[in-house]
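Participant: This is a predicted model, with the sequence first.
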Amino acid sequence: MQAPVTGGVRLRKGEGETVRLARGASLTDFAEKIGVDPASLVQVLFHLGEMVTATQSVNDETLQVLGTELEYNVEVVSPEDEDRELLDSFNLEFGQDEGDEALLAPRPPVVTVMGHVDHGKTKLLDALRNANVVDDEAGGITQHIGAYQVATEVDGSERKITFIDTPGHEAFTAMRARGAQATDIAVLVVAADDGVMPQTVEALNHAKAANVPIVVAVNKVDKPDADPTKARGQLTEYGLVPEEYGGDTMFVDVSARAGTGLEQLLESIVLTADASLDLRANPEQDAQGLSIEAHLDRGRGPVATVLVQRGTLRVGDSVVAGPAYGRVRAMLDEHGGNVEAALPSRPVLVLGLTAVPGAGDNLMVVDDDRIARQIAERREARERNALLAQRTGRRTLEDFMSSMEKGESDELLLILKGDVSGSVEALEDALAALDVGENVSLRVIDRGVGAITETNVNLAAASNAVIIGFNVRPQGKATELADREGVEIRYYSVIYNAIEEIEAALRGMLKPEFEEAQLGTAEIREVFRSSKVGNIAGCMVTGGVIRRNAKARLLRDGAVVADNLDLSSLKRFKDDATEVREGFECGLTLRGYNDIKIGDVVESFEMRELARP
């Protein structure tokens, strides 16, 4: 059935039919699903106030609006479902062990080391595997996620444990969260001299969200001011009750520097795994795993740290990891030695990929390079379309300056980053003192000291905020991420420049205010009838000035009988006049209004825009 749609475009109404579309789908994709010409959808959106081309990636909200207009139920497929459907089309499945129970073999536990910055996480791992990691880190703070495997002896048999070292610095919160989700057990490191700190609680919350058992390592017990009992008491408040207090959480006192308590920690991890978890995987199937971190090596090309979760990864396997694919050319362990086959829970460095996969991307072995390439290319195209759609709609400072004219926004969100805390506080105080009226507001949603990080950009993208950098620059890939997300970063070195530009943006968001300015008055002494222009008032200007094209109101016996009239013509004798001053006679007409009488008073005025203080 044909039915009229917005703007006169005739399209078949959906009548509640469901249309499934990928993130970043174009109008052409939508048109193919419902069997119409893409140009008609472009026209519909045009009449809805959206300028979109047929092949342009469209964000979820626009697809939903279009679906509502055409009476279709638009379902935007989630990234996970999209990837699952992609793998299904190749008869592949990720995340499940193949075969029956008999094929499942025990695997080592994967342990994430978490905790507050400078509480000794990396030194603890350093002591556990006798390899110095700290010296490679910038400023002693871990800058990436690394994975390592160590062995210990429990009840006379050798047991292996895989450790994931997550960064402790607050700028890497998202990476720490990802580390918790890839793990079986979390080791929470707490310094005996410091006790529970903000990032300790943050790490604890990530571990609880991942629903993994927690073992607490109370580090630095060799320090003179160490108080392990204090840490136990503090963590009890957060639901981690030590076994010695009648709880079910294992606490181990260790000293990474002195090398004490390390064996007890490893034994506690193994015992917790045996008691709480059924850690088994099928080592015979095609390997599946997780890209923990990846980088581009100048000599070796893309290098990915991969944690094998099930199956066995071998040199020569065709693999796909996110938008990257390739054949495994070589595998290295944490000490740089060659590995021919990586069993479940084994972390390895993989060489041979065509691109750098993202941290957290799933890795899987496929039958041949052709399938790997097709999956990777379709993932890359899907991600590109989604990012293009995501970029639309981000606002810059210039957009805010004109936004109120379109009635779009009356709040400017800012993220402030400065070189020192004093600068940030001074800038925030100065911005808070800006008074531009009640209809528009400024809100600082985050502030901090140091370089602009990816976390700042992600927050700005999520909240449509503008980032203000005062004497700081972006760190790492923050600029690249900001370009990809369409987030604006403004850089300043003079505080007054920042304040002036932001104030200008806020004033641009204000609706203009007008006030009436009286020009003059004229008394009607005679009324002339004209068949062409209607009634003409013969007046004497009694005050001020009467100006042509100004606004006017008509007063009779001191009461307003007509308001907001236009002075359409003004004459001195037979000549047109622009204005007539006090004491002179004139003839005038009021556009569209003829009910004038002798003795009426014409009051002339104009509306002037008020300057902002």
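Facilitator: Thanks, I have it. Everything numeric in this text was worked out from a predicted model, so none of it was measured.
Participant: going forward, measure contacts between C-alpha atoms and count neighbours the same way
Facilitator: Will do.
Participant: average model confidence for stretch 605-612?
Facilitator: Average pLDDT, stretch 605-612: 76.
Participant: Which positions in that stretch come out as buried?
Facilitator: Within stretch 605-612, the residues scored as buried using 16 or more other CA atoms under 10 Å are 605-606.
Participant: I'd like the distance from it to the chain centre, please.
Facilitator: Distance, stretch centre to chain centre, for stretch 605-612: 41 Å (CA atoms, centre = their mean, to the nearest Å).
Participant: Pull out the C-alpha coordinates of it and format them as PDB.
Facilitator: Output of stretch 605-612 as PDB, limited to C-alpha atoms (Å, rounded to 0.1, in the frame of the first residue of the first chain):
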ATOM      1  CA  PHE A 605       9.600  53.800  18.300                       C
ATOM      2  CA  GLU A 606      12.200  51.200  17.300                       C
ATOM      3  CA  MET A 607      13.500  47.900  18.900                       C
ATOM      4  CA  ARG A 608      17.200  48.000  19.700                       C
ATOM      5  CA  GLU A 609      19.300  45.000  20.700                       C
ATOM      6  CA  LEU A 610      20.800  45.400  24.200                       C
ATOM      7  CA  ALA A 611      24.600  45.100  24.400                       C
ATOM      8  CA  ARG A 612      25.700  42.400  26.900                       C
END
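Participant: Could you double-check that Arg84 lies in contact with Glu93?
Facilitator: Yes: taking contacts as CA atoms under 8 Å, Arg84 lies within contact range of Glu93: 7.4 Å.
Participant: What segments of the stretch 151-300 of the chain are strands?
Facilitator: 157-165, 185-191, 214-219, 250-253, 280-281, 288-297 (DSSP state E, counting those that start in this stretch).
Participant: export the ones you listed to a markdown table and tack on distance to Lys597 and mean neighbour count?
Facilitator: Compiled in a markdown table, these are given as follows (distance: least, CA to CA, whole Å; neighbours: other CA atoms under 10 Å):
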| stretch | distance to Lys597 | mean neighbour count |
| --- | --- | --- |
| strand 157-165 | 92 | 18 |
| strand 185-191 | 92 | 27 |
| strand 214-219 | 93 | 27 |
| strand 250-253 | 99 | 22 |
| strand 280-281 | 100 | 21 |
| strand 288-297 | 88 | 21 |
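Participant: Which of those strands comes out lowest on mean pLDDT?
Facilitator: The minimum mean pLDDT among the strands of the stretch 151-300 of the chain belongs to strand 288-297 (a mean of 82).
Participant: of all the strands of the stretch 151-300 of the chain, which lies closest to Gly16?
Facilitator: The minimum distance between Gly16 and those falls on strand 288-297, with 39.9 Å, by CA to CA.
Participant: list the helices and strands that closest one packs on?
Facilitator: Contact partners of strand 288-297 among helices and strands, from 3 or more CA pairs under 8 Å, 6 or more residues apart in numbering; DSSP states H and E: strand 146-154, strand 301-310, strand 362-366.
Participant: among those strands, which is nearest Arg379?
Facilitator: strand 362-366 (11.8 Å).
Participant: For Arg232, which of the helices and strands packed on strand 288-297 is the nearest?
Facilitator: Using CA to CA, the nearest of those to Arg232 is strand 146-154, at 25.6 Å.
Participant: Touching that closest one from outside, list them.
Facilitator: Residues from elsewhere that reach strand 146-154, judged by CA atoms under 8 Å, 6 or more residues apart in numbering: 128-129, 158-166, 263, 266-267, 270, 292-293, 305, 307, 333-334, 346-347.
Participant: one more time with 7 Å
Facilitator: If you take CA atoms under 7 Å, 6 or more residues apart in numbering as the criterion, strand 146-154 is touched by 129, 158-165, 266-267, 334, 347.
Participant: And it, what's buried?
Facilitator: Buried residues in strand 146-154, counted by 16+ other CA under 10 Å: 146-149, 152.
Participant: Report the angle between it and strand 157-165.
Facilitator: Between the axes of strand 146-154 and strand 157-165, defined by axes from the mean of the first three to the mean of the last three CA atoms, to 10 degrees, the angle is 160 degrees.
Participant: Mind putting the helices and strands packed on strand 288-297 into CSV with distance to Asp274 and mean pLDDT?
Facilitator: Listed next are those as CSV, based on distance: least, CA to CA, whole Å; pLDDT from 0 to 100:
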stretch, distance to Asp274, mean pLDDT
strand 146-154, 11, 81
strand 301-310, 18, 88
strand 362-366, 27, 89
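Participant: Tabulate these (JSON lines), appending distance to Ser530.
Facilitator: Formatted as JSON lines, the helices and strands packed on strand 288-297 follow (distance: least, CA to CA, whole Å):
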{"stretch": "strand 146-154", "distance to Ser530": "94"}
{"stretch": "strand 301-310", "distance to Ser530": "89"}
{"stretch": "strand 362-366", "distance to Ser530": "87"}
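Participant: for those, which one sits closest to Ile467?
Facilitator: With distances scored as CA to CA, the stretch of these nearest to Ile467 is strand 146-154 (30.7 Å).
Participant: and the closest one, which strands flank it?
Facilitator: Taking DSSP bridges as the criterion, strand 146-154 pairs within the sheet with strand 157-165 (antiparallel).
Participant: Which residues outside the strand it pairs with are in contact with it?
Facilitator: Contacts for strand 157-165 (CA under 7 Å, 6+ apart): 108-113, 145-153, 345-346.
Participant: Settle this for me: Leu343 is touching Pro283, isn't it.
Facilitator: Yes: between Leu343 and Pro283 there is a contact at 6.3 Å, judged by CA atoms under 7 Å.
Participant: Which residues are in contact with each of those two?
Facilitator: Joint contacts of Leu343 and Pro283 (CA under 7 Å, 6+ apart) are 311-312.
Participant: JSON lines for the strands of the stretch 151-300 of the chain, including distance to Ala31?
Facilitator: Output for the strands of the stretch 151-300 of the chain, formatted as JSON lines (distance: least, CA to CA, whole Å):
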{"stretch": "strand 157-165", "distance to Ala31": "47"}
{"stretch": "strand 185-191", "distance to Ala31": "49"}
{"stretch": "strand 214-219", "distance to Ala31": "51"}
{"stretch": "strand 250-253", "distance to Ala31": "59"}
{"stretch": "strand 280-281", "distance to Ala31": "45"}
{"stretch": "strand 288-297", "distance to Ala31": "37"}
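Participant: among these, which is nearest Asp367?
Facilitator: Among the strands of the stretch 151-300 of the chain, if distance is taken as CA to CA, the winner is strand 288-297, at 13.0 Å.
Participant: Find out how far the closest one is from the centre of the chain, if you would.
Facilitator: Distance, centroid of strand 288-297 to centroid of chain: 23 Å (CA atoms, centre = their mean).
Participant: what residue of this protein is the furthest out?
Facilitator: Ranked by distance from the centre of the chain (CA atoms, centre = their mean), the top residue is Glu526, with 71.1 Å.
Participant: Just list the residues touching the closest residue to it other than its chain neighbours, thanks.
Facilitator: Leaving out its chain neighbours, the residue that sits closest to Glu526 by CA to CA, 6 or more residues apart in numbering is Gly538, at 4.8 Å. Gly538 makes contact with 524-527, 586-588, according to CA under 7 Å, 6+ apart.
Participant: now do 6 Å
Facilitator: 524-527, 587 (CA atoms under 6 Å, 6 or more residues apart in numbering).
Participant: That concludes my questions; thank you for your assistance.
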